[in-house]
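>>> A structural model of the following input is requested.
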Amino acid sequence: MKFGKYLEANVKPGWESMYLEYAKLKAMVKVLKSAEEGMPEVKGASHTYITSLTVVGSPQVAGKLGSKDVTQEDFFKALDRDVQKIGSFAAQHVRKSQKLLDKLEKDVDIAVGSGQQGAALRSLEMKAKEVGDSFLDLEKYVNLNYTGFYKILKKHDKCLPSTPCRQFYMARLHQTPWIQGDYSAVFVALSRIHSKLRHDSMPEAQDLTLKDFVRYTRKYWVRTEHVSEVKHFILQHLPVFQLRQDLLSGDSQMTNSVYFDNSQLELYHGRLEKRPNAIALRIRWYGTGQAELAFIERKTHRESWTGEASVKERFTLDPDLVMPFLKGEYNVEQAVEDLKAK
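Numbering: from 1, shown residues only. Model prediction:
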């Protein structure tokens, strides 16, 4: 299916005027291509990147769209208008969602605090789900428009190869708040609301300096466009667990890891093939800013059918001591002396 038809088929009712005007932009590219092809070719002419301050430059190539002349400048102005329109709509929708969630959480606190049950709580639960569904609609809206910009810029460069712009414009577009922004705080608020409606007990804060522990994990591949939908489904049944709210306020935490191995990648292949007692050695730290604490970790894989569980062991280091430790300049004896000094 052509993207123009796909866009029309996936527009959300009521939001029709808020989308990229793909058909109009495509028509502009078409007439600009025809106009450029119709320009007479000057024999021996070459592209020069110089100008004169006393000679009037050549007019831009223009095509006819209806009764109006259309230039490349008109095309980019139309693109910019769409970018601004979509950004404003997305920001407005997020603000609206946040206001609805603030009010809804207050209503939930009152309802739970007064001991309400049954239909009253189910009604609040449905309202929370509606806000989440609306936010997912916004994400689809953003993705559809982002794809539209990519498609029209690709078509522009194919039809008008003398003025390529896709790479530059997409890099610029990627920096806009509606593409680059992190709105996961909306899901954190939704999680809190559902958690209160379920009367969940709050988990104890995890001790980051814990040296070793046994754990069991199961991992799944999820396509990027489905991540928010999966999150929304899960948070209606289980709360979002924030390990350190001071490190990141959203629904996920940045984890940084540097793995050690030899030139044959023995540790990598051992973990990949899940060989008995395969180990992973790494340095890990959390958050997006300057590391506050570094973890030197060793993970040992054990097969569950043996009755044993995989183990993670670790110790902490000040980030400034990581390189001295790796070079052998900071050893156990010095670490013991530092602990005694504390």
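
>>> drop to CA atoms for contacts and neighbour counts, all remaining ones
OK.

>>> which residues of the stretch 1-150 of the chain fall in helices?
For the stretch 1-150 of the chain, the helices defined by DSSP state H, counting those that start in this stretch cover 3-10, 22-37, 72-113, 119-159.

>>> Now mean neighbour count too, for the ones you listed, in CSV please.
Converted to CSV, these look like this (neighbours: other CA atoms under 10 Å):
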stretch, mean neighbour count
helix 3-10, 13
helix 22-37, 18
helix 72-113, 16
helix 119-159, 17
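
>>> and of those helices, who's closest to T300?
helix 119-159 (38.9 Å; CA to CA).

>>> comparing the helices of the stretch 1-150 of the chain, which gets the lowest mean pLDDT score?
Comparing mean pLDDT across these, the weakest is helix 22-37, with a mean of 89.

>>> can you tell which of the helices of the stretch 1-150 of the chain is closest to E266?
helix 119-159 (40.2 Å).

>>> picking that back up, need the helices of the stretch 1-150 of the chain in JSON lines (columns: distance to T217).
Shown next, in JSON lines, are those (distance: least, CA to CA, whole Å):
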{"stretch": "helix 3-10", "distance to T217": "37"}
{"stretch": "helix 22-37", "distance to T217": "45"}
{"stretch": "helix 72-113", "distance to T217": "32"}
{"stretch": "helix 119-159", "distance to T217": "27"}
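
>>> which residues of the stretch 151-300 of the chain score low on pLDDT?
Across the stretch 151-300 of the chain, the ranges flagged by pLDDT under 70 are 202-216, 242-249.

>>> now the helices for it?
Using DSSP H, counting those that start in this stretch, helices in the stretch 151-300 of the chain cover 166-174, 177-180, 185-198, 227-235, 266-272.

>>> roughly how far out does the last one sit from the chain middle?
What separates the centre of helix 266-272 from the centre of its chain is 29 Å, taken as CA atoms, centre = their mean, to the nearest Å.

>>> ok, and what's touching that helix?
Identification of contacts with helix 266-272 by CA atoms under 8 Å, 6 or more residues apart in numbering yields D261, A278, I279, A280, H301.

>>> Name the residues of that helix that come out as buried.
L267, Y268, G270, R271 (16 or more other CA atoms under 10 Å).

>>> Many thanks, we can stop here.
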